[in-house]
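Participant: Okay, sequence plus prediction incoming.
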Amino acid sequence: MIDAQMIQTDVSSALSPEELSEIDGELAHVPYKSGAAIDALKIVQAKRGWISDQSLQAIAKYLDMSAEELEGIATFYNLIYRRPVGKKVILFCDSVSCWICGCDGIKQKLTDVLGVDYGETTQDDAYTLIPVPCLGACDRAPVMMVGDDLHTHLDEAKIDALFSDKNKKAGGNS
Amino acid sequence: MPTIYIDGQALEVAQGENILEACLNAGMDLPYFCWHPAMGSIGSCRQCALVQYQNEEDTRGRIVMGCMTPVTEGARFSLNAENATEFRSAVVESLMLNHPHDCPVCGEGGECHLQDMTVMVGHRDRRYTGKKNTHRNQYLGPLIHHEMNRCITCYRCERYYRDYAGGKDLGAQASHDHVYFGRHEEGVLQSEFSGNLVEVCPTGVFTDKPFLKHYSRKWDLQSAPSICSGCAVGCNIAPGERYGKLKRVHNRYNHEVNGYFLCDRGRFGSGYINSDARLDYAGIKKPDGSFMAVHQQQAIDTAASWIKHKKVAGIGSPRASLEANYLLRELVGAANFVAGFSDREAEIMGTIVHSLKHTRASNPSIKQMEAADAILILGEDVTNTAPRVALGLRQSVRNKAFELAEQMGLPPWQDAAIRNLAQDQRSPMIIVSAMDTRLDDVASRCVSLAADDIAVFGYAVAEVLAGGKSEDVAVNEAAEILLRAKHPLILSGSSMSHTGIVNGAVAVAEALEAQNKSAMLSLCVAESNSLGLALLVDSGLKTKPLSISKLAKKSSKLDALIILENDLDRRSNKADIDLLVTGGAKIVSMDILENSTLNNSDLVLPAASYAESQGTLVSSEGRAQRYFPVYRPAAERLPSWQWMLQLADACEHKTLSELEHFDQVVAACAASQPLFATLVDVAPLRDYRSQGQKIPRQTHRYSGRTAMNAGVSVHEPQQPEDTESALAFSMEGLNRDEPASLIPYVWSPGWNSNQSLQKFQAEVDGPLKGGTAGVRIIQSTGLGALQSSEPAEPTLKPHHWLLVPVHQVHGSEEMSANTDEIAELAGRAFIGIGEKVAEKLDVAEGDGVVVTQGKTDISLQVKILSRVAKNCVGFSAGYSETLGLTAGSLVSLVKDQQWVRATSQMIATDKGTGTRGGSAHV
């Protein structure tokens, strides 16, 4: 589903003063510059949504690392996005507790409503759907996160309510 | 020595080793992937599993990893317990899930560690029927072919490339079942040691790209023990041939010299041997300047008519064997023999020989350098002048890490733990050079100084060591780290074309010795036999040896001049060459590739390359080593030593015409001076037999021996006979337990890959069962080697810069630069300048600058240097474009307004489709 028109343009290959000062803050806590690699990636991702090649190279340079070294870290973690994502990322739990509580049906509902499957972004660039193995809220399964918000005890009605605006548009979108 | 029990068998094992090493030392076949004798253990692949029992009563035991389990007194293990064999088989099966069934088209097939291990564990039937993971491959440059689908994620490539060799641009990416090893984006691998990936990878992810273009299986290659001619380090190599072409070069283990690894110049730089620019026949110059091909005998007769009873001089060569140089010197007489160095280099080589003959410091092997715990480098960019030494120095700086590990009780093979413990703590290394070097990233301090000042720096350190004082922080620090060290190493050499630097380094070593510190002094020299040649001319005469310029001055008195494998354009200036050529002497030249010296000659003789001839080379360590022909020279090429013998015979030379065989030449050379006495011990003589037979160059599976030339002639040719060595051009005989200098390739039953080396080693990572190849011929008098020649201050002119030679692993060496892949990596000749100079000249990287030295103007591409000494600029040394530039001369620079910037060098046909790693199902 990801196509050219959806790829967000990178703000700049250079890091902004704001990003730099936040990274500097992290650098103060680590003995080696490369120790701040994960935090630096998170800082830049928070500002830009994802980590482009240019962003990655800029961070690597700032931390005295090779692009390969930082790439190894960036691609190791599922939640560092090396491809563009929508404005909000939906982390849908498909681990055992949620599965027992019927997440499969809710996932189907979600796909119907949004018109996207795992790894895809809606055409209006609003949401990217990604599976996640456990969000640490098994007692309230099935669960998912939309952006920074945790949604618990999911059922089809809740999906409808959450994405009511989507529901209308989604008709011909699958 | 603890005793351990493996399947009830008691084994005495060495304290501190792990169970995998203990098993391999005992000759047991315990499969493994990620462990490597030079890189230690990380326990990543889970292949070397065996069962450990708590005591005699314990019958269940538990699975442990052999490479991660230290030996302890009385420990009990089983290799053959059912759960152990099942576990190992399951590991291979799991690795095979995603491994393609492409062995028939894989460049690793037949020498694949994964194939060997799969057969060893007995995994035969594939049960998995699902889709396999596939990856996009990357373009990694002209040397390495990438095929990620074959990866078994052992992490050896990353550990070698990054941890061992210090490369930055290859790494592991992603996680779980789509781990990917590659670059951040496509492009040429930047490490000078990338070729070792071919041998480090246990399967076919990284393979030899030039070899794939004319591929043959390992079992179809004919190999011989050989010595790399790419520089003076003397790495042992095993070149392989088929169909009369040199196919590839593999590492040949030498415990003291190159161990398991080569540099890329050594591995990939021999393509010129298959070049069309090679001479096939002798040629006599016709009046119109072209050459008429003649047969060997006619050529010899013609030459003899010019030489016999005439006034003849000879020019030798630092890239030709000791034997060929010796024969030429005997043929023309020592007084008429010019070594063939440039005048400047002859002077430096004289200094180096004098130093090595008398210094109290020791001249270390690479293995010994790896034990150094403090290093001072004066003037050398070791990675580019003696590359394999630089790889050794990268291990030396880790001695700090091993020291920390010892304090923690960690065995040295605990690789991940030790790296984690040490982080970036390293043993001190101070580099004093004119500009950035490729070891700067592991140096504790880099100092940028002009050549004269580097020499002064050396003397200043020596003075502080002797109790003097210095204002210079770096000088004091250098003295301090050397004094504090157990095994201090001082490294310098001839690459700056500056005798004072060598003397400065010698002064430091001698000053340390005077303080009763045992110092190592290593002096890099330029070519494969520079030191051997310098030793040869050092002994011959009471007076100073003849130089090229002196010979040029008396050329009109000469009747003939014989030039041995030497392109004078690289050694002399145009005026002197013109004098030699027009002086009226008949010039007889022999060489491998066409060059202007051959074109200036009256008779040219086609010389065999190192792969087609035998000889002795003396490395910068003073180690004399023998190389043997891999195959017979084609057409009418002959090894230079045979041309020399034929010339001597035709001239009825008194002593030389007695000689017929190579062994006799070696014996004569050995008798010529005491230093050479041990040359006869460098390798067994031609009558040596192993199990009553010669050593086979071909594997016992060598196919199509009588049929492979049927396309040319259906008549079966007789196998060529080797009358000059203990090796045979045949598959008959046994390649086992022979002396180290005669091992043509490694193979052992069940071990088809290069990992079979462990069956040839006396113990894991130890010397070979057949000893260590080569003989160190220089025994120092120990009298001390001080030469007091305080260098003069350079005379600077305003708006002028001092020229510093910048050596490049790809491009600076004469022969390898004629190999396509090396030429591509060498790129254009360049002028290296600092950022400030670039600003002043209004140029950026890739622009052009006109360099003016006296009356010479040369346009060169700009390369921006990260650090550079004041008033210095560097030029790419050894490139044909820069042969007119002289180190240490003053030049002026202006921007070249007509300069056309080069377009990207990437070869379109080589380029893969993908741009970055990532998995995609097909």
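Facilitator: Nice, I can see it.
Participant: how does chain A divide up, domain by domain?
Facilitator: A:4-76, A:88-172 (automatic domain parsing).
Participant: Let me know whether the shortest one sits next to chain B.
Facilitator: If I follow you right, that is domain A:4-76. Yes - interface with chain B: domain A:4-76 contributes A:31-32, A:53, A:56-57, A:66-69, A:71-72, A:75-76 (Cβ under 8 Å from any Cβ of the partner chain). For glycine as for every other residue, the C-beta is placed from the backbone atoms N, C-alpha and C.
Participant: Tabulate the domains of chain A in TSV, adding columns for mean pLDDT and mean neighbour count.
Facilitator: Below are the domains of chain A laid out as TSV (pLDDT from 0 to 100; neighbours: other Cβ atoms under 10 Å in any protein chain shown):
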stretch	mean pLDDT	mean neighbour count
domain A:4-76	88	17
domain A:88-172	91	17
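Participant: Could you save those as a markdown table and add columns showing distance to B:Gly500?
Facilitator: As requested, those are arranged in a markdown table below (distance: least, Cβ to Cβ, whole Å):
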| stretch | distance to B:Gly500 |
| --- | --- |
| domain A:4-76 | 36 |
| domain A:88-172 | 65 |
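Participant: out of the ones you listed, which comes closest to B:Ser497?
Facilitator: Evaluated over those, closeness to B:Ser497 peaks at domain A:4-76, with 33.7 Å, by Cβ to Cβ.
Participant: what's the offset of the closest one from the middle of its chain?
Facilitator: Its chain's C-alpha centre and that of domain A:4-76 lie 15 Å apart, by Cα atoms, centre = their mean, to the nearest Å.
Participant: Would you agree B:Gln614 is in contact with B:Phe662?
Facilitator: Yes - if you go by Cβ atoms under 8 Å, B:Gln614 and B:Phe662 touch, sitting 6.0 Å apart.
Participant: got the CA positions of stretch B:290-306 in PDB?
Facilitator: Below are the C-alpha coordinates for stretch B:290-306, written out as PDB (Å, rounded to 0.1, in the frame of the first residue of the first chain):
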ATOM      1  CA  SER B 290      59.000  -2.700 -34.200                       C
ATOM      2  CA  PHE B 291      60.000  -6.100 -32.800                       C
ATOM      3  CA  MET B 292      60.400  -9.300 -34.800                       C
ATOM      4  CA  ALA B 293      59.500 -12.400 -32.800                       C
ATOM      5  CA  VAL B 294      62.300 -14.900 -32.600                       C
ATOM      6  CA  HIS B 295      62.800 -18.300 -31.000                       C
ATOM      7  CA  GLN B 296      64.500 -18.700 -27.700                       C
ATOM      8  CA  GLN B 297      67.700 -20.000 -29.100                       C
ATOM      9  CA  GLN B 298      68.000 -17.200 -31.700                       C
ATOM     10  CA  ALA B 299      67.400 -14.700 -29.000                       C
ATOM     11  CA  ILE B 300      70.100 -16.200 -26.800                       C
ATOM     12  CA  ASP B 301      72.500 -16.400 -29.600                       C
ATOM     13  CA  THR B 302      71.900 -12.700 -30.500                       C
ATOM     14  CA  ALA B 303      72.300 -11.600 -26.900                       C
ATOM     15  CA  ALA B 304      75.500 -13.700 -26.500                       C
ATOM     16  CA  SER B 305      77.000 -12.000 -29.600                       C
ATOM     17  CA  TRP B 306      76.500  -8.600 -27.800                       C
END
